[in-house]
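K.L.:
Just a sequence and a predicted model for now, questions to come.
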Amino acid sequence: MTIRVVVCDDHGIVRSGIRRILDETPDIRLEAAAPTGALMLQAVADYRPEVAVLDIRLSDGSGLDLLGPIAEISPLTRVVMLSMYDARGYVEKAKARGARGYVTKDCLDQDLIAALRAVMQDKGFVSFRPEGTDVRAPRSESALNALSSRELEVLRLIASGLTNSEVAEELGVSPRTVESHRAGLQRKLLLRTRAELARAARDAGLMD
């Protein structure tokens with residue numbers, strides 16, 4: 001059986017790299033490589049692929065927001081998310097919205113191929129993420145990957161300019177709980193100010 005795949009990533013070099021990997025794999029055929037979410041949805045409608053490989057950060061929005069539309073257009077298409085970050089919050093959100101797998105961009109070529117084959121075998125949620133911490137990665141990035149889904153959400157809301165009270169109202173918790181989360185974020189990320197937290201959130205793509 002040939003696995004038909006469409007890919008969406010707004011970086012041409014990434015699309016070219018994935019095309020090379022898939023073209024070298026006999027049982028996988030790349031049908032389309034889209035640079036935007038809108039073109040991805042059109043490709044899904046045109047080809048009804050077995051698997052869609054979808055970047056979380058896109059120039060026209062978040063790939064996570066495309067999971068619902070893809071399921072409506074082509075219910076049998078399995079989605080594998082692609083990301084620069086292996087933060088647990090991202091993985092949990094992707095899984096909750098219906099993704100069948102999650103692969104980070106620093107995984108090996110064979111990991112991507114293995115993920116595509118695994119989701120076709122219905123082995124449950126498939127996650128290919130590098131083992132251990134890359135010593136070349138900034139400490140703040142490694143700490144970001146260890147944040148919980150709630151901590152990532154608090155970080156995103158703080159970065160959007162909300163006060164502690166406004167964040168508390170948004171999440172349905174007390175301002176004291178938000179203050180505790182904020183202090184924990186500053187400690188874990190080795191950051192001191194709200195401006196630094198906001199910069200970390202933007203760099204991580206939480207503001208998409």
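P.N.:
Looks like it came in fine.
K.L.:
Beta-bridge partners for the residue lying closest to A43 once chain neighbours are set aside, please?
P.N.:
Distance criterion C-beta to C-beta, 6 or more residues apart in numbering; nearest residue to A43, sequence neighbours excluded, is A32 at 4.0 Å. For glycine as for every other residue, the C-beta is placed from the backbone atoms N, C-alpha and C. Note on A32: beta-bridge partners by DSSP bridges are V6.
K.L.:
State the distance from A32 to A52.
P.N.:
10 Å (C-beta to C-beta, to the nearest Å).
K.L.:
before we move on, what about R97?
P.N.:
13 Å.
K.L.:
Which one of the two is surrounded by more residues?
P.N.:
A52 (31 against 16; other C-beta atoms under 10 Å).
K.L.:
re earlier: burial check on the residue nearest to A43, number of neighbours?
P.N.:
Using other C-beta under 10 Å, A32 is surrounded by 18 other residues.
K.L.:
What segments of this structure are helices?
P.N.:
Counting by DSSP state H, the chain has helices at residues 12-23, 37-47, 67-73, 88-96, 109-120, 139-145, 149-159, 164-171, 175-189, 194-203.
K.L.:
coming back round to it: now list whatever residues contact both of A32 and A52.
P.N.:
Jointly contacting A32 and A52 under the rule C-beta atoms under 8 Å, 6 or more residues apart in numbering are V6, V7.
K.L.:
Per-residue pLDDT of the residue most central in space within the chain, please?
P.N.:
Nearest to the mean C-alpha position of the chain, counting by C-alpha atoms, centre = their mean, stands I56 at 3.9 Å. Per-residue confidence (pLDDT) for I56: 88.
K.L.:
Next one: it relative to S74, how far apart?
P.N.:
20 Å.
K.L.:
do the same with S149
P.N.:
Distance of S149 to S74, computed by C-beta to C-beta: 28 Å.
K.L.:
And the pLDDT for the residue sitting furthest away from the middle of the chain?
P.N.:
Of all residues in the chain, R176 has its C-alpha farthest from the mean position, at 30.0 Å, by C-alpha atoms, centre = their mean. Per-residue pLDDT puts R176 at 93.
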